[in-house]
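Chemist: Mind looking at a prediction? Sequence and model below.
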Amino acid sequence: MDVTRRYVRNPAKHAVARTKAPEAVLIHIVDEIKTSRRRDMDKKEKFRLEGEDMREDREFRQFIIESLVREIARMLPTGQRTSSDAQKAAERQADAEWARIRQERDQTRQNNNSRQ
């Protein structure tokens, strides 16, 4: 599992850019390895690990939302927006970013499947 996002909360500020492969390709490769390693696992264990994956994704998305809310709040004049409005805006932005990443991953997966 790629644990970068757990430990590097702001890659733009604190991480060296990945230059060996695009992010979508890396995600695809990690997914393929994960699928391969879990293929012969007991159903209960597979289910448990998938639950962990979902909790990790949910936690990561929440962190993105909270970070965006803080950034938006810093950019706006005091009192211009309520924190609820800022949270909704951040959630929309995080959802759009998450959808973009998933779309890239799915496109990479489709391209690789069509080559096989």
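Modeler: Nice, thanks for sending it over.

Chemist: mind listing the helices for this structure?
Modeler: Secondary structure of the chain (DSSP state H): helices located at 4-7, 11-14, 23-38, 43-75, 83-115.

Chemist: how about JSON lines for those helices, with mean neighbour count and mean pLDDT added?
Modeler: All C-beta spots, glycine's among them, are computed from the backbone N, C-alpha and C. Formatted as JSON lines, the helices of the chain follow (neighbours: other CB atoms under 10 Å; pLDDT from 0 to 100):
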{"stretch": "helix 4-7", "mean neighbour count": "12", "mean pLDDT": "70"}
{"stretch": "helix 11-14", "mean neighbour count": "9", "mean pLDDT": "69"}
{"stretch": "helix 23-38", "mean neighbour count": "14", "mean pLDDT": "90"}
{"stretch": "helix 43-75", "mean neighbour count": "13", "mean pLDDT": "85"}
{"stretch": "helix 83-115", "mean neighbour count": "13", "mean pLDDT": "74"}
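
Chemist: Distance-wise, check residue 7 relative to residue 63.
Modeler: Counting by CB to CB, to the nearest Å, the gap from residue 7 to residue 63 is 12 Å.

Chemist: should've said residue 13
Modeler: Per CB to CB, residue 13 is found 14 Å from residue 63.

Chemist: which residues touch stretch 100-114?
Modeler: The contact list for stretch 100-114, computed with CB atoms under 8 Å, 6 or more residues apart in numbering, reads 22, 23, 24, 25, 27, 28, 31.

Chemist: Recalculate using a threshold of 10 Å.
Modeler: 22, 23, 24, 25, 26, 27, 28, 29, 30, 31, 32 (CB atoms under 10 Å, 6 or more residues apart in numbering).

Chemist: Kindly reformat those as TSV containing distance to residue 68.
Modeler: Putting the contacts of stretch 100-114 into TSV (distance: CB to CB, whole Å) gives the following:
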residue	distance to residue 68
22	23
23	19
24	22
25	26
26	23
27	21
28	26
29	28
30	25
31	26
32	30
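
Chemist: Name the nearest residue to residue 21, ignoring sequence neighbours.
Modeler: Closest residue to residue 21 apart from its sequence neighbours, by CB to CB, 6 or more residues apart in numbering: residue 29 at 7.5 Å.
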